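# For reference, the sequence and a predicted model appear below.
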Amino acid sequence: QKEVEQNSGPLSVPEGAIASLNCTYSDRGSQSFFWYRQYSGKSPELIMSIYSNGDKEDGRFTAQLNKASQYVSLLIRDSQPSDSATYLCAVRGSQGNLIFGKGTKLSVKP
Amino acid sequence: ETGVTQTPRHLVMGMTNKKSLKCEQHLGHNAMYWYKQSAKKPLELMFVYNFKEQTENNSVPSRFSPECPNSSHLFLHLHTLQPEDSALYLCASSSDRSNQPQHFGDGTRLSIL
């Protein structure tokens, strides 16, 4: 059973701080990795994709991938209350399907 | 309209009813998906269609029946559902089945009485 693990949280950070969200996966053959943000009652929204080891930056978001450790993370700099949501890690496994973690709930306090 | 559109947004039905969920994508994608999202559980993939052909059925009970008449439209026909089927049903699409990300619709919140 291919799995994607995330800490369910809630992760609480003060406004302006860096929020760090972590994800591990079991399928060593995984090739693509995605972070989705889901507000309560809304659908998942793609915010980052990463395919190779290292860091990928997009505005206040940085995705980090370490395939040897089977670990992918998302950093949110200068966190804002509007960043409060559940963040879903998704991994496309060796068989082609996208496998989601349960999500980490982030709360940014003003 | 742009993106992935799902109707209805909310649906309440009895266990003996028959209803259908609709999904339409305006992104020019060739792959479409149905997911189920229940509380405290990860998103569960139900069905995958690629170029209108069903390529995956993740052991979904036959009371759920998908239909994909073309690459832009996807339906989920519901019949004799159980209370545990109450969940958020999400449709997604992607350009193909490779590394491209999936884009989600707003979902249908389904409640079974």
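All right, it came through fine.

# Beyond the lowest-mean-pLDDT helix or strand in chain A, next helix or strand please.
Every helix and strand in chain A was compared by mean pLDDT, DSSP states H and E; the lowest is strand A:98-100, with a mean of 90. Note on strand A:98-100: by DSSP states H and E, the next helix or strand toward the C-terminus is strand A:104-109.

# in that next one, what counts as buried?
A:T104, A:K105, A:L106, A:V108 (16 or more other C-beta atoms under 10 Å in any protein chain shown). C-betas here are computed from N, CA, C, even on glycine.

# Next: stretch A:19-30.
A:A19, A:L21, A:N22, A:C23, A:T24, A:Y25, A:D27, A:S30.

# I would like the residues contacting that stretch, please.
A:1-7, A:11, A:13, A:33, A:35, A:67, A:69-76, A:79, A:83, A:87, A:89, A:91-94, A:99, A:101, A:104, A:106, A:108 (C-beta atoms under 8 Å, 6 or more residues apart in numbering or on different chains).

# If the one residue sitting closest to the centre of chain B is in a bridge, with which residues?
By C-alpha atoms, centre = their mean, chain B has its centre lying nearest to B:W34, at 3.0 Å. Beta-bridge pairing of B:W34 under DSSP bridges involves B:F47, B:C91.

# Any figure for the gap between it and B:E84?
As for B:W34, its distance to B:E84 is 17 Å (criterion: C-beta to C-beta, to the nearest Å).

# same deal with B:S62?
15 Å.

# Pull up the residues of chain A that are close to chain B.
A:4, A:31-32, A:34, A:36, A:42-46, A:49, A:51, A:88, A:90, A:92, A:96-103 (C-beta under 8 Å from any C-beta of the partner chain).
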